[in-house]
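Novice: okay, here's the prediction I keep looking at, along with the sequence it came from:
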Amino acid sequence: MGEVNKHVGTHGRVDSVDHRLLFLAVPTPVLVLDTHLVIVEANDAYLDSTMRSREELVGRPVFDAFPDNPDDPAASGVRMWGASLRRVLSGRVTDVMAIQKYDIPRPEGGFDTRYWAPANAPVFGADGELRWILHRTEDVTAFMQARGDSSALDELTAELRTRTEQMAAEVFARRELQEQNETLHALLDSLDTAVVGCDAAGLPVLFNEGARRLFGDLLDGVTIDQWAQRRSLFHPDGRRMHGEDLPLARALRGERIRDVEVVVRAPAAPRRYFRANGRPVSGHPGLAAVVALHEVTLHRRAARYKECELEISRLTSKPNPPQEILARIVEVIGSRAGWTAAELWTVDDVARVLRRASCWAEPGYGRPYQLPDPLLYGQDIPGRAWQNAAPVWVANLHADWGPLRAALATPVPSGSAILAVLVCYSDTAEAPDDTRTAIMTGIGAHIGEFLARRRAERLAAELEQSRDEYIALVGHELRTPLTSVQAYTEVMLDDPDTSEEQRSMLEVMRRHTDALNGIVMKLLDVSGMRSGHIDLDARPMDLATVVHAAVDAARTASTVPVAIEANTPPTAPLHGDPARLRQVVDELLANALTRASPGSTVGINLRCDPHTLTLAVSNTGNRIPADERGRLFDMFFRNDAARHGGIPGTGLGLTIARTIVEQHGGTIAVSEPDEAATTFTVRLPTAPGNRPAAT
């Protein structure tokens, strides 16, 4: 009788109603038989009607308990009842019997005359097999004795058939509804979404298999206001959820829930993210609110990794010190990619060891300092990733790691070299995950690009500084002996006893020492300008006057058949250093005259507006190759034509010109290679202002 006394709902809930008590209290007499026609249960109304106790009936064959009256030769109760029961067993259908005279044994002996209106119905188990026969009867003795004629029997039988047909229709309708409910619950159970509904008191009354897997025993009579105390449920920002925060509780209060994120942290399991939608329910007795929770762990993880990569890109573009940026990158990887702790180990190229550069842990966790510092090649988790040049998963850390349970070490490469190792830790046991491995490998490559770029920038800065120091050293070391040579040359030239042949040689010496001294001065100029040690003597001046003076000097000194044509306004006032700007004009004119075709014209044009002066020096002739344009202003750069054509020069003139222009707050540029003329254009501000540092 366990199946009768206790019913398990089709959606997994054990009903709180005791069905055995309901059966015993049914006012209509009911007897339960098994398929062997043995009595297995009787309700209280049946025991009262038959004047028997449960102990007298349960376990006995039905016709042993209720034989025919031996004193009535016409008794047919056993035969008629037996025939009805066999029809139920063979046809598996309900059988309604006519009114039967069936005498009942008295407890004190003898038989009591009784008339009954019986019906027998099959009861099937969950497997569809016939398990029991339900015998329902009504005592109509008083009715039959009061009517006393055969028409009463026919009338009562007809009424009984009508009532039985009504009951059968109701049973059919209920069975159809049950089948629909079973179909609905089967559909809900097939979803990967957890569905939970509760009544007005907050007790769960509707749920599917997805909800059972997620909430477990919370669905067995635990009100939703207690769920947050018995499960680790969190908001996306890490705050713990309270009972009133739960989506189902909010829906029960009348809210419509849309895309509310819930984080589930089960012990020793990875965090799971769910998106909840729900609403209150009206018009359905016993169901007050329902909510559906769809797992979005994979989508959430992918989005967090994307956010992590974008933040790393933003950080690596900053000019902050590398150590500061690396510390922030480690924190971003840990917090946004869902790790409990993270640390970065950098490779010491000299000692060939790993040194801890930065470390981070989620609030409430200690930083993972269990590993010694430094680590050797191949030692522990970071050392193995360095040695293998590939990610290393450790799914189960030993107890020394405290709450940390798993780790992933990712090498940080630059080409074939490993620059660092990034190690991320989780507080739950993790299975190696190809997706996470690939994402962390990409992040490691991004960090490697940053480290390689910063290393290159540092080396370039050191090289630049060394070059500047070398230029300054050479300039100063050459200047002292040159000054002596020039002074003694002048003394010897002034000596009247110097012969003409000696004087001719001394003139050559003076000419070459003057040229060498010019180079030394240019070197010192470049060194000083690059280091910011030369100040401009800036004052109000007229650039037009400077341009015309430079043009006159160039015409006088030029030995090539090239004309110079100047086009300037009457005045071009600005705030600048006349001597330094004259150097710029001289250099641009000399460069143009050197490249100009014989018989052509070099043009120098000066234009003014309220804020800017624009100086353009143009020539036609040999064009500048496209691959040389980017190097024209580099120190010591001379193209192939100058080097192999015997054109004098040091490769410092344009460098000095650019530095002077930039110290005045201006710019200098050269025209594109496909233009008819080569033009150098200088733009200068007319008003004084903040001067940028020399570049």
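Specialist: That came in fine, so what should we check first?
Novice: pretty sure Thr410 is in a helix, no?
Specialist: No. Judged by DSSP: H, G, I helix; E, B strand; the rest coil, Thr410 forms no part of a helix; its state is strand.
Novice: what's the burial count for it?
Specialist: Thr410 sits with 26 neighbouring residues when counted by other CB atoms under 10 Å. Every residue, glycine included, has its C-beta placed from N, CA and C.
Novice: from Leu543, how far out is it?
Specialist: Per CB to CB, to the nearest Å, Thr410 is found 59 Å from Leu543.
Novice: just the pLDDT at Trp360, thanks.
Specialist: With respect to pLDDT, Trp360 scores 91.
Novice: what helix or strand is it located in?
Specialist: Trp360 is located in strand 353-361, with elements delineated by DSSP states H and E.
Novice: show me what that strand packs onto, helices and strands only.
Specialist: helix 322-336, strand 341-348, helix 380-388 (3 or more CB pairs under 8 Å, 6 or more residues apart in numbering; DSSP states H and E).
Novice: contacts only, for Pro411.
Specialist: Each residue near Pro411 by CB atoms under 8 Å, 6 or more residues apart in numbering is listed here: Ala385, Trp386, Asn388, Ala389, Ala390, Pro391, Ile418, Ala420, Val421, Leu422, Gly444.
Novice: thinking the last one is in contact with Thr410, fair?
Specialist: Yes. Shown here, Gly444 and Thr410 form a contact pair, counting by CB atoms under 8 Å, at 4.3 Å.
Novice: okay, and the common contacts of the two?
Specialist: Leu422.
Novice: could you point out which element follows the helix or strand hosting Thr655?
Specialist: Using DSSP H and E, Thr655 sits in helix 653-663. Using DSSP H and E, the helix or strand that directly follows helix 653-663 along the chain is strand 667-670.
Novice: and that next one, what's its mean pLDDT?
Specialist: Regarding strand 667-670, the rounded mean pLDDT is 89.
Novice: residues in contact with it?
Specialist: By CB under 8 Å, 6+ apart, the surrounding residues in contact with strand 667-670 are 624, 629, 632-633, 657-658, 661-662, 678-683.
Novice: could you list the buried residues of that strand?
Specialist: Neighbour-count burial for strand 667-670, with 16 or more other CB atoms under 10 Å as criterion, is recorded at Ile668, Val670.
Novice: which is the next helix or strand following it?
Specialist: Downstream of strand 667-670 (by DSSP H and E), the next one is strand 678-685.
Novice: what's the spacing between that next one and its chain's center?
Specialist: 50 Å (CA atoms, centre = their mean, to the nearest Å).
Novice: just after the helix or strand of the chain with the lowest mean pLDDT, pick out the following helix or strand.
Specialist: Least confident helix or strand of the chain, by mean pLDDT, DSSP states H and E, is helix 2-5 with a mean of 39. Following helix 2-5 in sequence order, the next helix or strand is helix 19-25 (DSSP H and E).
Novice: other SSEs contacting that next one?
Specialist: Using 3+ CB pairs under 8 Å, 6+ apart, the elements in contact with helix 19-25 are helix 2-5.
Novice: and if we set it to 10 Å?
Specialist: helix 2-5, strand 30-34, strand 39-42, helix 44-50 (3 or more CB pairs under 10 Å, 6 or more residues apart in numbering; DSSP states H and E).
Novice: not counting its neighbours along the chain, what's nearest the residue positioned nearest the centre of the chain?
Specialist: The centroid of the chain falls nearest to Arg304 when counting by CA atoms, centre = their mean (1.5 Å). Among residues not flanking Arg304 along the chain, Arg336 sits closest, at 5.3 Å (CB to CB, 6 or more residues apart in numbering).
Novice: okay, now the one you found: neighbour count?
Specialist: For Arg336, the neighbour count with other CB under 10 Å is 18.
Novice: quick check: the gap between it and Thr428.
Specialist: In terms of CB to CB, Arg336 sits 18 Å off from Thr428.
Novice: and the nearest residue to Thr340 once chain neighbours are set aside, what does it touch?
Specialist: Excluding the flanking residues, the one nearest Thr340 by CB to CB, 6+ apart is Asp427, at 4.4 Å. Taking CB atoms under 10 Å, 6 or more residues apart in numbering as the criterion, Asp427 is in contact with 265, 268, 270-271, 339-341, 362, 364-365, 401-406.
Novice: let's go with 6 Å and repeat that
Specialist: Neighbouring residues of Asp427 by CB atoms under 6 Å, 6 or more residues apart in numbering: Thr340, Pro403, Arg405.
Novice: run a quick neighbour tally on the first one.
Specialist: Close neighbours of Thr340, defined as other CB under 10 Å, add up to 21.
Novice: and it, what's its pLDDT?
Specialist: Reading off the model, Thr340 has pLDDT 87.
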